[in-house]
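Chemist: The sequence and its predicted three-dimensional model are supplied below.
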Amino acid sequence: MIIKKLVVGPLDENCYVVGDEKTKQAIVIDAGDEPDRVMEIIKDHAFEVTAIICTHAHFDHVGAVGDIKRATGARVLIHRGDDELYGGVKDQAAFWGYDMNDLPAPDGFVDEGDEINAGDLTFRVLHTPGHSPGGMCIYGEGVIFTGDTLFQGSVGRTDFSGGDMGKLRESFKRLLGLPEDTVVLPGHGPETTIGREKRENFFIGEL
C-alpha cells in the first residue's frame, strides 16, 4: 500500500492518495485544494484513480473534487447525510471569504459497512456523525482516515451547521474501540494511533 499525504489549501487540510502498489489502482480521500499537486502524485505513480472519497462535505475537504474528477474520470462518493452540505459548498466557502467553483454531483452515496476497494486493498465505511451529519471514516489495512472526526489530541468542531456534540461523543467512543495499533490519518494535523488517543486525547474527559 502506498499512502501519499498532501497538506493543501488555506486551512492546511490533509488530502491522501492511497494506491495498491501491485495493481496501480488508487483512491483519493478529501481532495480539498491544489489539484495540480494531487495529480502530480497520481501521474508519478501511474495510478488509475477509481474513486474520490469525501469524508465530509465542508469546503476545505472538497474544493479540488471537480478538477480531479475531470482529470481521472473517477467516481465521487459521499455519505448521503452530507448531500445538503455538499450542494451548498460554494456558500460555505464564501462565508469564510473564499471563492469556489460549483462541484460535480456525487456519483454515488456510501453508508455504514460499505466496502471501498483500490486493487487488492479493502476499506470499510464507518459512519461517524457529529462534526457533520454525513461524516465518515475509511477503515482498513491497519489505518483509518478520520476526516474531521478525530485528530491527534482533539476532535472536530460541532458548531457548524449539522454539528451534534452527542453524536460526536458516540463516534469518538466507537473509534476508540478499534485496535490500539490502528494508525489514524486525520483531516488536519499529524498522524497518531488509536492507542495514543485513548491515553492522551482531551475529549476523553468529555465522555
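Modeler: Right, received. Where do you want to start?
Chemist: Just give me the longest helix of this structure.
Modeler: When the chain is parsed with DSSP state H, its longest helix is helix 165-176.
Chemist: so what secondary structure elements neighbour the helix or strand just after it?
Modeler: Past helix 165-176, heading to the C-terminal end, the next element that is a helix or strand (DSSP states H and E) is strand 183-186. Applying 3 or more C-beta pairs under 8 Å, 6 or more residues apart in numbering; DSSP states H and E, one finds that strand 183-186 contacts strand 13-19, strand 143-147, strand 150-151, strand 192-193. Using the backbone N, CA and C atoms, a C-beta is placed for each residue, glycine as well.
Chemist: Need the pLDDT of the residue nearest the centre of the chain.
Modeler: With the centre of the chain defined as its mean C-alpha position, the nearest residue by C-alpha atoms, centre = their mean is Thr55, 3.3 Å away. Each residue has a pLDDT score; the one for Thr55 is 98.
Chemist: what's the nearest residue to Asp107 once chain neighbours are set aside in contact with, if anything?
Modeler: For Asp107, the nearest residue in space outside its immediate sequence neighbours is Arg75; the separation is 3.9 Å by C-beta to C-beta, 6 or more residues apart in numbering. The neighbourhood of Arg75, defined by C-beta atoms under 8 Å, 6 or more residues apart in numbering, consists of 50-52, 107-108.
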